[in-house]
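[1] give the three-dimensional model of this entry:
(chains A, B, C and D)
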There are 2 protein chains.
Amino acid sequence: MKSGKTGGAARGGSIQSLDRAFSILEEIARHEHGLGLVELSRAVDLHTSTVHHLCKTLLSLGYLSQSESGKRYRIGRGVFALASSCADEIELARTARPFLAELSKSTGESAHFAVWAGNQVLILERAYSDSAFQMNERAGMLRPAHCTAIGKALLSGLEPAALDERLDEMTLTPHAPNTIVDKEQLRREIERIRADGVAYDDSEYNEEARCIAAPVRDFRNRVVGAIGFSGPVWRVSLSDLNKYSALTREKSRSLSLALGWRE
Amino acid sequence: MKSGKTGGAARGGSIQSLDRAFSILEEIARHEHGLGLVELSRAVDLHTSTVHHLCKTLLSLGYLSQSESGKRYRIGRGVFALASSCADEIELARTARPFLAELSKSTGESAHFAVWAGNQVLILERAYSDSAFQMNERAGMLRPAHCTAIGKALLSGLEPAALDERLDEMTLTPHAPNTIVDKEQLRREIERIRADGVAYDDSEYNEEARCIAAPVRDFRNRVVGAIGFSGPVWRVSLSDLNKYSALTREKSRSLSLALGWRE
DNA sequence: TTATTATTTCGACAATATGAAAACTAACAA
DNA sequence: TTGTTAGTTTTCATATTGTCGAAATAATAA
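    Sure, this is the predicted structure:
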């Protein structure tokens, strides 16, 4: 087609090649053992040639690496170097670590500390339990907010105006039988959490998991994260959730205090 | 309009906008407290308008964030999420941590564990000493290879062919009075390190610092990193360097064993 | 207020990223 | 061996896209 009125880069707001490059990085990050060029192109829905150019650039910049044997792409050390300047996040994770360890020890399940990353929830730090079955969640993973305990705990910490904005931007995709897909219902649930101090997830994200979480505040009295734990439904019953709510509330309180929160 | 033979993206091999976007990210990462648009444009030598478009895109993707108060750009949590899939690096850092702590404790100086990142050296993990003056080095920082102890230790672990290649690609930029700027001299020094098992840096990178480092091997008997410590010249004398060489060698050995190295 | 400095938007242009196709490799059967 | 298939890399013509100048807007300072 003719150029017509296809103006500057400000069109969709985004620079295409950047958009694409990062979707490539995200796709690769999602795969434990890396990805080959063709798999990758299929996953991000771009021609191999295009993906190849982008990857070659990322490779030369050190933000991708290639497994010596095959040609599979993996995340490069450049990303690691960049990430180390997320000083606040690293500090938060470090502070949360001992509390997560306690929570995990007391419950026998794995514990998580999460923060906002856009409209999603980023798991900043996690403590592993020593049971054989572990939730498949690692630090660095992104989760939806509306159907996870940590996500709902974070939502409960938003100012009314910010909450409205968030909810408008969010799509309540169903992930498991109990996912809340109605905004009004979610709103009521958030009210409940605000009053109760604890959020639950009873098979809302993963059919086989139940979780609890509570918001964590900093010295400015603002909710900066959420702490909680999750376990398989056959180990964590609904009454367990209730039983552990006080403990979760207490850990969130201790962590908040460690972050300078008072009263 | 000399479009002439200005062909595809494969020209310089690199995609310009990606190149620029990452130089922006790197520049921001370099500044503890973020950067404003104009400072940023000056630093990367691009028009504010261009930088603005790039930053807007990075912002919307979550790889940059803006300090709530001002408009300073900082690294976003997206980078953190990506970095967490550098599983190998994280595992390496975790393994090194206790040995770094011991090294730091015994010497009273800060200790580092570093790996290759392209032709530079990436500090993967560091242990702080409790002295008032600390080297200004954090995990995630990049250092040149030819004038740092960890860098030279890593160089000493390369196969002859790989070493030749590396040296060809490297420019021996002087950083301090004793920086080795002659490739033949560097080659001899690397020979020495290979025989001795320890690399020194006597004011080669920073006039005020001395360091020692030793290569670390994994189960495949390949050098995967280097461990060492550094301190200010007024605390670490040349004879201290000698005194601590055995200790450094020993720590590198223990860490190697922890990584599965045998014999 | 005005002056100054920083951020954001606009729009024309051409340099640049794109994708089709073809060349090249590697792996594997027959 | 040779042929077949799947994956990777290079080439190249083209229009799309990023770029930059300039001007508008916003924020600070004097």
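[2] the helix or strand containing residue A:257 - contacts with which helices or strands?
    In this assignment (DSSP states H and E), residue A:257 forms part of helix A:238-258. Applying 3 or more Cβ pairs under 8 Å, 6 or more residues apart in numbering or on different chains; DSSP states H and E, we find helix A:238-258 packed against helix A:87-107, strand A:199-202, strand A:209-217, strand A:223-232. Where you see a C-beta, it was placed from the backbone N, CA and C, and this is true even at glycine.
[3] and of the ones you listed, who's closest to DNA strand D?
    helix A:87-107 (21.5 Å; Cβ to the nearest atom of the strand).
[4] so which bits of that closest one are buried?
    Judged by neighbour count (16 or more other Cβ atoms under 10 Å in any protein chain shown), helix A:87-107 contains these buried residues: A:89-90, A:92-93, A:95-97, A:99-100, A:102-104, A:107.
[5] likewise stretch A:139-158?
    Neighbour count says stretch A:139-158 has A:139-158 buried, by 16+ other Cβ under 10 Å.
[6] then stretch A:162-178?
    Neighbour count says stretch A:162-178 has A:163, A:166-167, A:170, A:172, A:175 buried, by 16+ other Cβ under 10 Å.
[7] quick one on the thing from earlier: now mean pLDDT and distance to residue B:236 too, for the helices and strands packed on helix A:238-258, in CSV please.
    Output for those, formatted as CSV (pLDDT from 0 to 100; distance: least, Cβ to Cβ, whole Å):
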stretch, mean pLDDT, distance to residue B:236
helix A:87-107, 94, 27
strand A:199-202, 97, 52
strand A:209-217, 97, 42
strand A:223-232, 96, 40
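[8] okay if I get the ones you listed as JSON lines plus distance to residue B:226?
    Shown next, in JSON lines, are these (distance: least, Cβ to Cβ, whole Å):
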{"stretch": "helix A:87-107", "distance to residue B:226": "23"}
{"stretch": "strand A:199-202", "distance to residue B:226": "45"}
{"stretch": "strand A:209-217", "distance to residue B:226": "38"}
{"stretch": "strand A:223-232", "distance to residue B:226": "35"}
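[9] distance to DNA strand D for the ones you listed - can I get that in a markdown table?
    Compiled in a markdown table, the helices and strands packed on helix A:238-258 are given as follows (distance: least, Cβ to the nearest atom of the strand, whole Å):
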| stretch | distance to DNA strand D |
| --- | --- |
| helix A:87-107 | 21 |
| strand A:199-202 | 35 |
| strand A:209-217 | 27 |
| strand A:223-232 | 24 |
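[10] residue B:215 is nearest to which of these?
    helix A:87-107 (27.2 Å; Cβ to Cβ).
[11] run the contact check for the closest one versus chain B.
    Yes. Using Cβ under 8 Å from any Cβ of the partner chain, helix A:87-107 reaches chain B at A:87, A:89.
[12] could I get the CA-only coordinates of the helix holding residue A:257 as CSV?
    Output in CSV follows, covering the C-alpha atoms of helix A:238-258 (Å, rounded to 0.1, in the frame of the first residue of the first chain):
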residue,chain,number,x,y,z
LEU,A,238,-10.8,-24.6,53.3
SER,A,239,-10.6,-24.8,57.0
ASP,A,240,-6.8,-24.7,56.9
LEU,A,241,-7.1,-21.4,55.0
ASN,A,242,-9.1,-20.0,58.0
LYS,A,243,-6.7,-21.5,60.5
TYR,A,244,-3.7,-19.9,58.8
SER,A,245,-5.2,-16.5,58.2
ALA,A,246,-4.0,-15.2,61.6
LEU,A,247,-0.5,-16.3,60.9
THR,A,248,-0.5,-14.7,57.4
ARG,A,249,-1.8,-11.5,58.8
GLU,A,250,0.9,-11.6,61.5
LYS,A,251,3.7,-12.2,58.9
SER,A,252,2.5,-9.4,56.8
ARG,A,253,2.5,-7.2,59.9
SER,A,254,6.0,-8.1,60.8
LEU,A,255,7.3,-7.5,57.3
SER,A,256,5.5,-4.2,57.2
LEU,A,257,7.2,-3.2,60.5
ALA,A,258,10.6,-4.3,59.0
